[in-house]
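Visitor: Here's my sequence, what's the structure:
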Amino acid sequence: FVVVAPFGSIGEPVAKKSQWPKADRFGVDVPYVERFDEDALWATFLGALRALGEGRVDPARLHVVGYSMGGQAAWNLAVRYGSRLASIAPIAGCCSWGDSAWKNKDAHLAELRSLRLWSYCGAADSRAISWRDLWWLAEERGLPSQPKERAVAMKAAAASVTMYEWSEEITLGLVEDASNPHSSHCMWDVIFHNEDSFQLFSRMLAVRCPRPLSPSFQAERPFPASRCG
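Guide: Residues are numbered from 1 along each chain as shown. Here you go, the predicted model:
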């Protein structure tokens, strides 16, 4: 796996600074990152792949995983560049549709049309659960609006997960971890350390992107230019 994980600190080119301050843990108002700049993030990612050299990375097996604001970034990358990805797994994050989302609805949908989207959230983390986006995407892909529901047995006795599955390619897992007092949001650890139950990385290894980038990972025209024609 190749992992590119920008932190998103103020001053980084992949981060967009909020116009409003936010109180830190000391009660001091400070600037903060409102969201990632997805176009800059994508360009950084492609630059990292080019630096590795042609033939080192399979362009059909690019996956994006993000937690919290990174989960939001995973969604936002998907609606702009999803046709070049094999899957995304946003954790505790939902899409922050921009002002141009409705105008570019068809272009966004083209990027999402064939993408595997395996989302996870804390069961009580209502602000991060993307029900509306998943319902919309399922409908646009001709799937039933109501997902199948099933409980997943886990070896971690204090944790449980309920899966909502529109298909094998669109799923939402709601996780509860009684051992973690912050599990309503901070639940990436239980996912990454229970592969037998979640099988996230196993599924990633098993799928490929139908419209991959060129092996040279050259930059393309930015969204909303179509990559799906």
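Visitor: Which parts of the protein are strands?
Guide: Using DSSP state E, the strands of the chain run over 15-17, 22-23, 29-30, 33-36, 63-67, 87-91, 116-122, 148-152, 159-165, 170-177.
Visitor: With mean pLDDT and distance to residue 43 added, can I get these in JSON lines?
Guide: (Glycine included, C-beta is placed from N, CA and C.) Formatted as JSON lines, those follow (pLDDT from 0 to 100; distance: least, C-beta to C-beta, whole Å):
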{"stretch": "strand 15-17", "mean pLDDT": "69", "distance to residue 43": "14"}
{"stretch": "strand 22-23", "mean pLDDT": "67", "distance to residue 43": "27"}
{"stretch": "strand 29-30", "mean pLDDT": "70", "distance to residue 43": "27"}
{"stretch": "strand 33-36", "mean pLDDT": "74", "distance to residue 43": "12"}
{"stretch": "strand 63-67", "mean pLDDT": "91", "distance to residue 43": "15"}
{"stretch": "strand 87-91", "mean pLDDT": "94", "distance to residue 43": "18"}
{"stretch": "strand 116-122", "mean pLDDT": "95", "distance to residue 43": "23"}
{"stretch": "strand 148-152", "mean pLDDT": "94", "distance to residue 43": "37"}
{"stretch": "strand 159-165", "mean pLDDT": "93", "distance to residue 43": "34"}
{"stretch": "strand 170-177", "mean pLDDT": "93", "distance to residue 43": "28"}
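Visitor: May I see these organised as TSV, with mean neighbour count added?
Guide: Formatted as TSV, the strands of the chain follow (neighbours: other C-beta atoms under 10 Å):
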stretch	mean neighbour count
strand 15-17	17
strand 22-23	11
strand 29-30	10
strand 33-36	19
strand 63-67	23
strand 87-91	26
strand 116-122	25
strand 148-152	11
strand 159-165	18
strand 170-177	21
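Visitor: what comes up buried for stretch 103-117?
Guide: By neighbour count on 16 or more other C-beta atoms under 10 Å, the buried set for stretch 103-117 is 104, 107, 108, 109, 110, 111, 112, 114, 115, 116, 117.
Visitor: what about stretch 146-166, how long is it end to end?
Guide: End-to-end span of stretch 146-166 (C-alpha to C-alpha, to the nearest Å): 7 Å.
Visitor: just to revisit the earlier point, filter the buried residues of stretch 103-117 down to just the ones in helices.
Guide: 107, 108, 109, 110, 111, 112 (DSSP state H).
Visitor: closest to residue 65 among the residues you listed?
Guide: Each of these was checked against residue 65 using C-beta to C-beta; the closest is residue 112, at 16.9 Å.
Visitor: who wins for proximity to residue 49 among the strands of the chain?
Guide: When the strands of the chain are ranked by proximity to residue 49, the top entry is strand 63-67, at 12.9 Å, counting by C-beta to C-beta.
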